[in-house]
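>>> Predicted model follows, preceded by the sequence.
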Amino acid sequence: MKRFISSVLLLLTAALPLSGFAASLDNALTCNQSGHQFIADLSQQQLIDPKPTRVEQNSINAFSPASGADLSAFGFHVFAVVGYEKDDPIFRVGDGEPVARSAYGVVVLGSESRVRNALAGSGSTAIVHRVAPLVTAIFCKRS
């Protein structure tokens, strides 16, 4: 009977799609690290695609969460991770003036006011910026 149950569990596990893995980025978004460290750590943990999907004119590189990764920041779903570090080969350079020497953050689904309220009291020095209705960036930068 024990062997039968083990076989059934194995078959069920094989039949189910790989479940995603959840990761909260709250601690990283207290703005105490570099853009390189933030992006390299997420890439090494295979939480983001290591190649940027987009490079903005200001050199901000946008990375997609890895397939199956469920990233969150302060209770909001992350659908893009962004970063840049001057003279760092993991980032591509845009056509314009870089936003900062080092910058990183996330783009979440949530209104600016709700995201700002969620960050209040967290100790984060991140900038909260409305991107579009219900799309907000949480951004750390060093000059």
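Everything's here; your move.

>>> neighbours of Val135, just the number please.
Counted with other CB atoms under 10 Å, the neighbours of Val135 add up to 17. The C-beta positions use only the backbone N, C-alpha and C, and glycine is treated the same way.

>>> same thing with Ser64?
Other residues within reach of Ser64 by the criterion other CB under 10 Å amount to 15.

>>> sec struct for His36, please.
helix (DSSP: H, G, I helix; E, B strand; the rest coil).

>>> Same question for Val106.
When states are read from three-state DSSP, the local structure at Val106 comes out as strand.

>>> Lowest mean pLDDT among the helices and strands, pick that one out for this protein.
Least confident element among the helices and strands of the chain, by mean pLDDT, DSSP states H and E: helix 2-15 (a mean of 33).

>>> After that helix, which helix or strand is next? Please name it.
strand 21-24 (DSSP states H and E).

>>> tell me what that following strand is packed against?
In terms of contact count using 3 or more CB pairs under 8 Å, 6 or more residues apart in numbering; DSSP states H and E, strand 21-24 is assigned the packing partners strand 69-73.

>>> This completes my enquiry, with thanks.
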